[in-house]
Structures are given as C-alpha cells and as structure tokens.
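>>> 3D, please:
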Amino acid sequence: MGQQNNQNQQQDINQLLKVRREKLADLQEKGKDPFQITKYEVTYHSQEIKDNFDKLECGHDEEGKLIREDSKLVSIAGRIMLKRVMGKASFCNVQDRDGNIQVYVARNDISKEEPWEEYKDFKKMDIGDIVGVKGYPFKTKTGEMSIHATEVTLLTKSLQILPEKHHGLT
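A predicted model of the protein is given here:
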C-alpha cells in the first residue's frame with residue numbers, strides 16, 4: 001500500500017515537471033524566452049520599501065484608484081513564493097534577498113488593452129519563478145504593505161518544484 005502511494009506521488013511530480021516544461025516551450029514559441037533577460041534594474045529591496053514606506057506610499061483618490069507619482073515607482077526582483085489568483089486581480093508574495101513583500105496585480109493595470117495578454121501570462125506563472133516587478137507601494141484594506149504592479153516580467157522560469165517548507169526535518 002505504501003509503495004503504491006509512493007508510486008502515485010512520483011507520477012504526480014513527473015506530471016508537474018512536464019507541465020512546467022510545456023509552459024516554457026509555449027513561452028519560447030511566443031518569443032518570450034525567460035532565459036534571454038540577463039539584466040533587470042532593481043531600485044529597492046523588500047525591506048527597504050517597508051522601512052521607507054511612509055516616503056514611498058501612494059494614496060488613493062475618492063474613487064479608490066491609486067494616485068501614481070513617478071517619483072514613487074519602485075522596481076524589485078525575486079522569487080514567487082505564494083500566489084492567489086482571483087479573476088481580474090491577483091496577489092503574490094515575492095521573496096528577494098532581504099525578505100518578502102506582497103504584490104497586487106490587477107488585469108487592467110498591467111494589460112492596457114484586451115485580450116489582456118500580460119495578465120494571462122502572469123496567471124500562468126508558477127511558484128518558484130523569478131520575476132521583476134515595477135509598481136507603486138500602497139497599503140491594502142487589511143493594512144499590509146504591498147506593491148501595486150504596473151509591470152511584471154518573467155526573468156527565469158522555475159522548472160523544478162520548490163521543496164516543502166519542512167522538507168527533510170524529522
């Protein structure tokens with residue numbers, strides 16, 4: 001029984017790895033090879049944004065839209081550690097060398113016109129992929145410091161599955 005369970009688990013992992021390689025092949029066919037980008041300009045790291053949040057934060061107008069000031073545009077790069085897709089908007093946590101920060105990705109803000117290709121590309125990204133994010137710092141309704149993304153760039157496609165949080169601990 002245990003051996004059969006282990007075999008099923010191995011098949012699931014192999015299927016996940018196959019899906020990731022298929023996503024990479026699809027990106028390369030579209031001319032969006034993530035392994036071609038060799039440099040990405042990072043202006044802040046996650047902890048710097050949190051430490052200087054009062055200076056960098058962008059507010060909202062009466063309609064709830066973000067007030068954008070180009071002087072407050074930040075650019076970070078890191079690994080997607082968590083992703084929550086909810087239709088027209090999504091959240092993900094990006095971990096860089098200093099820690100992690102939440103990123104809010106709205107369909108209309110990263111894709112200016114239909115068919116919202118950039119947002120569809122974001123939805124296809126996996127946990128473990130390395131991304132570059134440009135956007136404006138703001139606080140969510142729950143008070144969490146976040147970045148309202150205006151651009152998400154896939155820098156590297158993760159072909160392996162990240163290990164579990166407590167992998168190897170007994």
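>>> Name the residues of stretch 57-72 that are buried.
Counting neighbours by 16 or more other CB atoms under 10 Å, one finds that the buried residues in stretch 57-72 are 58, 66. C-beta coordinates here come from the backbone N, C-alpha and C atoms, glycine included.
>>> export that stretch as CSV, just CAs?
Listed next in CSV are the C-alpha coordinates belonging to stretch 57-72 (Å, rounded to 0.1, in the frame of the first residue of the first chain):
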residue,chain,number,x,y,z
GLU,A,57,3.5,55.2,-0.3
CYS,A,58,1.0,56.3,-2.9
GLY,A,59,-2.5,57.2,-1.8
HIS,A,60,-5.9,56.6,-3.4
ASP,A,61,-8.5,59.1,-4.7
GLU,A,62,-12.2,59.3,-3.9
GLU,A,63,-13.0,56.5,-6.4
GLY,A,64,-10.4,54.2,-4.8
LYS,A,65,-8.0,54.5,-7.7
LEU,A,66,-4.2,54.6,-7.0
ILE,A,67,-2.6,58.1,-7.3
ARG,A,68,0.5,57.4,-9.2
GLU,A,69,3.6,59.5,-8.8
ASP,A,70,6.6,58.6,-11.0
SER,A,71,9.0,59.5,-8.2
LYS,A,72,7.5,56.7,-6.1
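>>> what mean pLDDT would you report for that stretch?
For stretch 57-72, mean pLDDT rounds to 73.
>>> Stretch 20-33 now?
86.
>>> which residues in this structure form strands?
For the chain, strands defined by DSSP state E occupy the ranges 74-86, 89-96, 99-106, 130-139, 145-156.
>>> Which elements pack onto the third one?
The reference is to strand 99-106. helix 46-51, strand 74-86, strand 89-96, strand 130-139, strand 145-156 (3 or more CB pairs under 8 Å, 6 or more residues apart in numbering; DSSP states H and E).
>>> if we look at the longest one, which residues are touching it?
Read it as strand 74-86. With contacts defined as CB atoms under 8 Å, 6 or more residues apart in numbering, strand 74-86 is touched by 40-46, 49, 56, 90-97, 100-101, 123, 125-137, 147, 155, 158, 162.
>>> Restricted to buried residues, select those residues in PyMOL.
Buried members of these, identified by 16+ other CB under 10 Å, are gathered into one PyMOL selection as follows:
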select buried, resi 44+45+46+49+56+90+91+92+93+94+96+100+101+125+126+128+129+130+131+132+133+134+135+136+137+147+155+158
